[in-house]
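Participant: my questions are about this predicted structure, shown below with the sequence.
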Amino acid sequence: MNKKNIYQKLHQACLEAKTVVKGTKVKGMHFNPLEHDAVQDIATQTLLDNRLYATCNYLTEITDKNMVMVICTMKVHDIDEPTSFILVDGCSAMGGLDKFGTGQAMSYSRKYAFLNLLNLKTGIKDDDGFTAKPFKQNSPEPSVETQPQYLDDNVDVEKIKSELKSAKTLKQLNFSKNKYRNHVHFLLKNNPSSYREVSSVCETREIQLNNVQQ
């Protein structure tokens, strides 16, 4: 039997994932809530059944509206092939500046990373569009997909990638990561495609250097 790669495993996980049942409405709420724990339970178990394991990294910042923004980057590892992984980045959420705000935003962003990763089916009949009928007419104006553009000429993606690749030690790699942290943060918010390129180069070099030191 041929060994499955990480994409084949993820495809199988997507096919096997059960529907996430929404929670019960509470007083004052106009919809059935999609609860984090329900999403996490189904997603985590489905990934583990396919020998995949997810970890998350969170980037936080305080906005000018006195809210905390949390951006979740989920990394899915192949248990059978430790150097193989998939990134799901850009899932964000806002929280209040209280003792619960950051945790709530982290849970919310993680929930939607799982939903995006596995394309999980959610909801109750007539509540989430399962039975909705398509529009009879197409929109007269065609949609146009555009690639995010740089907003800052100082972000030199190729230079960042080159410096990360040339790091000879983990210490040098960490120095470069800290040096370009603000640039990478900018890419995460404004150019996800380039962010993924930089992140992939960094992850690959870190794995290589870790293997050398072992």
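Facilitator: Happy to help now that I have it.
Participant: and the host helix or strand of K75, what's buried?
Facilitator: K75 is part of strand 67-78 when elements are defined by DSSP states H and E. Under the neighbour-count criterion of 16 or more other CB atoms under 10 Å, strand 67-78 has V68, M69, V70, I71, C72, T73, M74, K75, V76, H77, D78 buried. To be clear about C-beta, it is placed using only N, CA and C from the backbone, and glycine gets the same treatment.
Participant: stretch 88-107 too?
Facilitator: Quick answer for stretch 88-107 (16+ other CB under 10 Å): 88-93, 95, 101-102, 104-107.
Participant: and the furthest pair within those residues?
Facilitator: V88 and G101 (22.8 Å; CB to CB).
Participant: would CSV of the buried residues of strand 67-78 with pLDDT and distance to S84 be doable?
Facilitator: Below are the buried residues of strand 67-78 laid out as CSV (pLDDT from 0 to 100; distance: CB to CB, whole Å):
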residue, pLDDT, distance to S84
V68, 87, 33
M69, 87, 30
V70, 88, 27
I71, 89, 24
C72, 89, 21
T73, 90, 17
M74, 92, 15
K75, 93, 11
V76, 94, 9
H77, 95, 8
D78, 95, 4
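Participant: which among those gets closest to Y195?
Facilitator: T73 (8.9 Å).
Participant: circling back: helices or strands up against the strand holding K75?
Facilitator: Here strand 67-78 is seen to pack against helix 6-16, strand 52-62, strand 81-96, helix 101-118, helix 181-190 when contacts are counted using 3 or more CB pairs under 8 Å, 6 or more residues apart in numbering; DSSP states H and E.
Participant: now S200. Nearest residue, chain neighbours left out?
Facilitator: L87 (7.3 Å; CB to CB, 6 or more residues apart in numbering).
Participant: contacting residues for the one you found?
Facilitator: Counting by CB atoms under 8 Å, 6 or more residues apart in numbering, L87 makes contact with T73, M74, K75, V76, R196, S199, S200.
Participant: select the longest helix from the chain.
Facilitator: helix 192-213 (DSSP state H).
Participant: where does the protein have low pLDDT?
Facilitator: 1, 26-31, 123-154, 189-190, 212-214 (pLDDT under 70).
Participant: rewinding a little: between the contacts of L87, which is nearest S166?
Facilitator: S200 (15.9 Å).
Participant: so what's the residue count around the closest one?
Facilitator: S200 has 14 neighbours, counted by other CB atoms under 10 Å.
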